[in-house]
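Trainee: Everything below, folded, please.
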Amino acid sequence: MAWVTFTDPEVAQVGVSEAAARERFGQAVTVTRWDIARVDRAKCDDDEDGFIKLVSDRRGVLIGATIVASRAGEVSGELSLAIAQGMGVGDVATAVHAYPTYATALQQMSGQVATARWTSSAAGRFIGRLLGFAGRQ
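Mentor: Below you'll find the predicted structure:
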């Protein structure tokens, strides 16, 4: 499912909502929310009202997103494709994005989620200890 409401700011929803994901998967979902003010393009445009929310399952596969921002309709297309193709946060993070654009936020957010997933995995914890990162703040 995908829809866009062309208000000011625009509102877009693709895939499942956070509420629907929690109902279906319980706590086995990851929700990442960024205020649009964190996005460099929004700062350049002096248009910092809104947010982007990504919902992924326990495997890191994107299952939903909500965007409230002036370019929500444009950004939603990439997320709709990622969800339809069963792509994970790592796939979005490694895709090339023009900078500065609103879509850069998707790359940065997905990278943050993918990194957190990896560093909390058994392999990530082992390598962290091996490299001496354990216990660092």
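Trainee: Now name the helix or strand holding the spatially most central residue of the chain.
Mentor: In the chain, the centroid-proximal residue (CA atoms, centre = their mean) is Leu54; its distance is 3.9 Å. For Leu54, the host element (DSSP states H and E) is strand 51-57.
Trainee: Spit out the contact partners of the residue nearest to the centre of the chain.
Mentor: Contacts here follow CB atoms under 8 Å, 6 or more residues apart in numbering; on that basis Leu54 touches Val31, Thr32, Arg33, Leu62, Gly64, Ala65, Leu79, Val89, Leu106, Met109, Ser110, Val113. No exception for glycine: its C-beta is placed from N, CA and C like everyone else's.
Trainee: burial of the fourth one, as a residue count?
Mentor: What it means is Leu62. Using other CB atoms under 10 Å, Leu62 is surrounded by 28 other residues.
Trainee: just checking, it touches Val92?
Mentor: Yes: counting by CB atoms under 8 Å, Leu62 does reach Val92; the two are 6.9 Å apart.
Trainee: got any residues that touch both of these two?
Mentor: Leu79, Ala82, Ser110.
Trainee: In a helix, the last one, correct?
Mentor: When you say that, I think you mean Ser110. Yes: counting by DSSP: H, G, I helix; E, B strand; the rest coil, Ser110 is part of a helix.
Trainee: which residue packs closest to the residue nearest to the centre of the chain, ignoring adjacent ones?
Mentor: Distance criterion CB to CB, 6 or more residues apart in numbering; nearest residue to Leu54, sequence neighbours excluded, is Thr32 at 4.8 Å.
Trainee: and that neighbour, that's in a helix?
Mentor: No: Thr32 sits outside any helix when classified using three-state DSSP, being strand.
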